[in-house]
Structure formats: C-alpha cells, structure tokens
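**Q** have a look; sequence and predicted model below, questions after that.
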Amino acid sequence: MERRDMIRGLAAFGAMAFMPEISARENRQTGKLHFVGLGQGGTNAAAYLQGKGIKGKYTCITGSYVSHLSAETKHIFYEAPRDFRLHGVNYMKSITLTTEMKNLFYQNDNFIVLTGLGGATGTGLISSVLEFLQIHDKKHMAICSLPFYNEGRTKNSFALAKRSELKEIENIHFIDQNLMLEESGKLTVREAFTKGNEQYYQLYMKYSDHFLASDVN
C-alpha cells in the first residue's frame, strides 16, 4: 500500500516538472491584464482575443453594437461627437477622455489597447488614451490596424495621418490589413475581418512575453 502511494507521489511529481513554464505563462495572462477595445474595430478585436482564451479583464468603449460581447465584458457607451464623425480627417484633435474612461485607466492594471484606425471613436481616443497611460505611468501596449483600401479614401487618409502621429510612440504596433489581403488572395468580407482579428491575436502573442516579463517574480 505504501509502495503504491509512493509511486503515485512520484508520478505526480514527474508531471509537475513539466508545468512551471505553462503555469508561469498562465499567471502572466491572468495577473492584471486588461484589454480595452476602442470603437467597433477594437471591440471586435477584443472579443476575438477573449474567444481565443486569452484571460484578463475586458472593457470596450464603443456605441451600441455590443450584442456579441460576453457578459464579463464591461461596456462604456461612447459615440464620438457628430463633427468628429463627419469631418474627422480635417479635425485632427484628439477626443478628451470622459471621467468614466479616466477612472477605467486609473486602475492598477497592465493595459492592452486595441483599435482600428480611420473611424471616429477609436482614432479620436487613441492618442488621449496613450497619453493618459504614459502620464500616469501605467504599463501598456497598443495594437492598431489600418483599414482596407475599399473602406474609402477618407477613412484611409484619416488612418494614415493618425499612424504618422503615433508611430514614434513606444509599445505600439500596427497592422496593415491590405498586406494580409495581398497574401491571402480573394476573401469574403467576413473572412477578411476574421483574418484581420487574427492578426491582433498573432501580434499580441508575439509581444506578450516581452510585455509581461517584468511582472514575473
């Protein structure tokens, strides 16, 4: 009986020897990660990462299109001002954060900010969000995607102007969705947006270990 117990104990110990690396990564993912999607594009990307099993807090700052979000996702309802939505490409001022947004980013979390450039809400907020996180010494990383060419000249011009403004900022990564289309060939609209969300996931996985390395004791 004692011998059987000893064998079971050794087997369990042997299995645990393979677990530290997995456990360390899992702890990094569940620690204080907070994914924040700005606008519809960022919201869809956040929902995709959550669906891939990336653990952490999830918040989306967007309008009313949130029926696909999980019950655990916090929703801050926000729509950009009308003049920004209509004239954003000629209105390069950043949108000021609301009190509710500031309270969100005051939290003692490590923030992963996701947005699609070229629209109003995400493009308008991204500079203010990153500036706020930097001023308050919050650990953060941002992933921003450029729109598809067929989404229109205005949206693409606005996105490129914003990328030019942001490109000197540290810990920000850009996705050019048109390069993905060139590599993938003809896709349906749904397939294209799914592949676009997959790029957010791949970029996060590529940089997550480096981003979270200092959080491991």
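**A** Okay, I see it.
**Q** going forward, measure contacts and count neighbours with C-alpha atoms only.
**A** Will do.
**Q** list the contacts of A80.
**A** 95, 120-121, 124 (CA atoms under 8 Å, 6 or more residues apart in numbering).
**Q** could you list the low-pLDDT ranges of the protein?
**A** Applying pLDDT under 70 to the chain picks out residues 1-31, 87-92, 184, 214-217.
**Q** for it, what spans make up the strands?
**A** With strands called from DSSP state E, the chain shows them at 33-38, 57-62, 74-77, 110-116, 140-146, 172-176.
**Q** adding mean neighbour count and distance to S164, write those strands out as CSV.
**A** CSV is the format used below for the strands of the chain (neighbours: other CA atoms under 10 Å; distance: least, CA to CA, whole Å):
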stretch, mean neighbour count, distance to S164
strand 33-38, 26, 19
strand 57-62, 22, 23
strand 74-77, 16, 28
strand 110-116, 25, 14
strand 140-146, 23, 12
strand 172-176, 18, 11
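**Q** closest to I172 among the contacts of A80?
**A** G124 (16.0 Å; CA to CA).
**Q** what residues are up against the most centrally placed residue in the chain?
**A** For the chain, L114 is the residue whose C-alpha lies nearest the centre (CA atoms, centre = their mean; 3.2 Å). Contact analysis of L114 by CA under 8 Å, 6+ apart lists 35-38, 41-43, 45-46, 142-144.
**Q** what's across from it in the sheet?
**A** Note on L114: beta-bridge partners G37, I143, judged by DSSP bridges.
**Q** what about it, distance to E151?
**A** According to CA to CA, to the nearest Å, L114 and E151 sit 19 Å apart.
**Q** just L69 next, same as before
**A** For L69 relative to E151 (CA to CA), the value is 24 Å.
**Q** only C-alpha atoms, please: export stretch 54-67 in PDB.
**A** Provided in PDB are the C-alpha atoms of stretch 54-67 (Å, rounded to 0.1, in the frame of the first residue of the first chain):
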ATOM      1  CA  ILE A  54      -6.700  35.000 -23.500                       C
ATOM      2  CA  LYS A  55      -7.600  35.600 -19.900                       C
ATOM      3  CA  GLY A  56      -7.900  39.000 -18.200                       C
ATOM      4  CA  LYS A  57     -10.300  41.900 -17.800                       C
ATOM      5  CA  TYR A  58     -12.100  43.100 -20.900                       C
ATOM      6  CA  THR A  59     -13.600  46.600 -21.500                       C
ATOM      7  CA  CYS A  60     -15.000  48.100 -24.700                       C
ATOM      8  CA  ILE A  61     -15.500  51.800 -25.300                       C
ATOM      9  CA  THR A  62     -17.900  51.900 -28.200                       C
ATOM     10  CA  GLY A  63     -21.500  52.600 -29.300                       C
ATOM     11  CA  SER A  64     -24.500  50.300 -29.100                       C
ATOM     12  CA  TYR A  65     -23.200  47.400 -31.200                       C
ATOM     13  CA  VAL A  66     -22.200  45.100 -28.400                       C
ATOM     14  CA  SER A  67     -24.600  42.100 -28.600                       C
END
